[in-house]
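> with the sequence up front, the predicted model follows.
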Amino acid sequence: MTAAPGALGAKPYPTLDYDAWARSVPRDDLWAQVRRTVRGKPISEDQLRLIVETIVARLQLEPSDTLLDLACGNGALASLLFPSCGAYLGSDKSAYLISVARARFEDRPRRRFITAGAAEHVQSEAEPERFTKALCYGSFAYFSEDEAATVLKALHARFPAVRRVFIGNLPDRDRAGAFYADRVPSAAELADPSSQIGIWRSRDAFRRLAAATGWRAEITVMPPDFFAAHYRYDALLTRAEATRE
């Protein structure tokens, strides 16, 4: 979605209004709402299975875990993780998407959804000690630099039992050319969280962000047949102090 030509503050590249986009597609088109599509079509069951298997394996999810899911969208992906964890809380800044998640997937008290931005949630969560694993899939690039740092710092400081954080589907600054085949994006676009893809961070830049907030980042990529493997990567965060023990 892009600002109208000539509009005040319009940017010279496509931008995304996350909530407005979700409201613009049918309420039952769950994957389109969260833009988990390829050329406008929902990703295949095989691709979804690969995402779920990767999250479960990287987080080492177990029935004893309580999972915190930041920027969870409409809960469609989260619902596929429910069999692998004991309890779940997802948050998203879009009240509309949370209303979809609650209607379709909420099962209180074990599976809950709340309306809150990621930074807001991690700083205000009343019971942070109950969470054992954390996830942010496909949304971290839409956090501003300040919000990204705030989220990682608060997870480290306020959630003592969280030892593994999986941040998935990050756009790689060094691989932007593999995505933008028809044009060369500006540096401003690649650094703008409101752009269509969000902020493109190199793997080294992400490692530096993690280190500055108390985490060690292990970077991995999906298999070559994954639809976004050519320009995205995943990051598993573990507590930096744990690696020195």
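Looks like it came in fine.

> flag the shaky bits of the chain, pLDDT-wise.
Applying pLDDT under 70 to the chain picks out residues 1-9, 242-245.

> in it, which spans are helices?
For the chain, helices defined by DSSP state H occupy the ranges 18-24, 30-33, 45-59, 76-79, 95-105, 118-124, 145-158, 176-179, 187-190, 203-212.

> nearest to Arg130, of these?
With C-beta to C-beta as the measure, helix 145-158 is the member of those nearest Arg130 (11.6 Å). To be clear about C-beta, it is placed using only N, CA and C from the backbone, and glycine gets the same treatment.

> closest one to His230 among the helices of the chain?
helix 176-179 (4.8 Å).

> can you point out the buried residues in the closest one?
For helix 176-179, burial by neighbour count (16 or more other C-beta atoms under 10 Å) applies to Ala176.

> contacts for it next, please.
171, 184-185, 190, 197, 200, 230-231 (C-beta atoms under 8 Å, 6 or more residues apart in numbering).

> related to what we said a few turns ago, of all the helices of the chain, which one is nearest Pro224?
When the helices of the chain are compared by C-beta to C-beta, helix 45-59 sits nearest Pro224, at 11.5 Å.

> who touches the closest one?
Helix 45-59 has contacts (C-beta under 8 Å, 6+ apart) with 61, 65, 67, 77, 80-81, 84, 133, 135, 137, 164, 166, 168, 220, 222-223, 226-227, 234, 236.

> leaving out the residues flanking it, which one is nearest to Gly214?
His156 (3.8 Å; C-beta to C-beta, 6 or more residues apart in numbering).

> and that neighbour, how many residues sit next to it?
20 (other C-beta atoms under 10 Å).

> and it, how far is that from Pro14?
His156 sits 34 Å away from Pro14, going by C-beta to C-beta, to the nearest Å.

> then Arg207?
For Arg207, the distance to Pro14 - C-beta to C-beta - is 29 Å.

> which of those two has more residues huddled nearby?
Arg207 (17 against 14).

> select, out of the helices of the chain, the one closest to Glu241.
Of these, nearest to Glu241 by C-beta to C-beta is helix 145-158, at 9.6 Å.

> need the residues that contact that closest one.
70, 117-119, 122-123, 125, 128, 134, 136, 140, 143, 162, 165, 193, 199, 209-210, 212-215, 237, 239.
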